[in-house]
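A.B. asks: no FASTA, just this:
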Ligand SMILES: C[S@@+](CC[C@H](N)C(=O)[O-])C[C@H]1O[C@@H](n2cnc3c(N)ncnc32)[C@H](O)[C@@H]1O
């Protein structure tokens with residue numbers, strides 16, 4: 001991990017994501033991602049957003065299943081990394097239109113998200129600066145079409161990284177409030193010692209799957 005203090009009063013932590021990607025090489029699809037897909041039931045593949053797409057594994061799986069995907073990540077090289085994961089420079093949907101769009105963007109630079117049937121954010125939202133996170137969450141909520149599913153992780157107050165600048169953390173009550181108005185399909189708090197790519201770490205993670213209301 002590299003830490004930097006760009007200027008007085010505003011501090012950020014820069015995680016070494018390239019080390020993370022190497023550490024995660026050969027990983028399985030995230031369980032919360034698969035639960036999110038299950039929650040979509042027999043809804044036909046539509047448009048998905050993969051926020052903090054990382055190595056592109058979940059984006060690749062969505063493309064394989066026939067989804068169109070917007071993959072977003074701030075880390076340089078995301079375009080090449082995700083296209084390499086998907087195995088093609090250009091991915092076309094069944095209608096011949098591009099099925100994969102990639103934004104190299106910090107969450108703090110996002111001011112609107114396209115309407116989506118599935119918004120997935122695997123272990124990425126905690127790395128949005130707390131000052132911007134409410135806006136990002138509002139954008140995610142706004143992006144959900146009727147019956148669309150959100151799946152992803154947030155970190156709780158017992159997490160060892162609690163208080164790191166540039167991140168956000170939430171109590172269980174806070175997460176429940178954020179999910180107000182959605183049908184909560186899964187809300188699991190995993191609060192226990194484990195490992196991160198930096199070494200031993202106490203995790204406090206909420207694994208969330210929630211669905212926007214469908215029209216009657
Ligand atoms: C822990 S990794 C998770 C990656 C992938 N979703 C996974 O499950 O393996 C977090 C990802 O979020 C990205 N990220 C971190 N902070 C970000 C920010 N502020 N804006 C956009 N992406 C960010 C990182 O580049 C990294 O790829």
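C.D. replies: Great, that's in hand. All values reported here derive from a predicted model rather than from experimental measurement.
A.B. asks: the ligand contacts on the protein?
C.D. replies: Those residues of the chain that sit near the ligand, judged by C-beta under 6 Å from any ligand atom, are 17, 20, 24, 30, 52-55, 73-75, 106-107, 122-124, 127-128. Every C-beta, even on glycine, is put in place using the N, C-alpha and C of the backbone.
A.B. asks: write the ChimeraX selection for whichever of those are buried.
C.D. replies: One line in ChimeraX is enough to select the buried ones among the residues of the chain next to the ligand; burial here means 16 or more other C-beta atoms under 10 Å:
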select :17,20,30,52,53,54,55,73,74,75,107,122,123,124,127,128
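A.B. asks: filter the residues of the chain next to the ligand down to the ones in strands?
C.D. replies: Within these, residues falling in strands by DSSP state E are residue 73.
A.B. asks: the residues of the chain next to the ligand in helices, which ones?
C.D. replies: Residues of the residues of the chain next to the ligand located in helices (DSSP state H): 17, 20.
A.B. asks: ends of stretch 43-61, what's the gap?
C.D. replies: Across its full length, stretch 43-61 reaches 16 Å end to end, with C-alpha to C-alpha, to the nearest Å as the criterion.
A.B. asks: equivalent analysis for stretch 22-41, please.
C.D. replies: Distance between the boundary residues of stretch 22-41 (C-alpha to C-alpha) amounts to 33 Å.
A.B. asks: buried residues in the longest helix anywhere in the chain?
C.D. replies: When every helix of the chain is counted residue by residue (DSSP H), the longest turns out to be helix 133-143. By neighbour count on 16+ other C-beta under 10 Å, the buried set for helix 133-143 is 133, 136-137, 139-141, 143.
A.B. asks: need the helix or strand of the protein with the lowest average pLDDT.
C.D. replies: The helix or strand of the chain with the poorest confidence is strand 2-7; it has a mean of 29 (mean pLDDT, DSSP states H and E).
A.B. asks: list the contacts of the nearest residue to residue 87 once chain neighbours are set aside.
C.D. replies: Nearest non-adjacent residue to residue 87, counting by C-beta to C-beta, 6 or more residues apart in numbering: residue 60, 7.4 Å away. Applying C-beta atoms under 8 Å, 6 or more residues apart in numbering, we find residue 60 in contact with 82, 85-87.
A.B. asks: just to revisit the earlier point, which of the buried residues of helix 133-143 sits closest to the ligand?
C.D. replies: Proximity of those to the ligand, judged by C-beta to the nearest ligand atom, is greatest for residue 136, which lies at 8.7 Å.
A.B. asks: lovely, talk soon.
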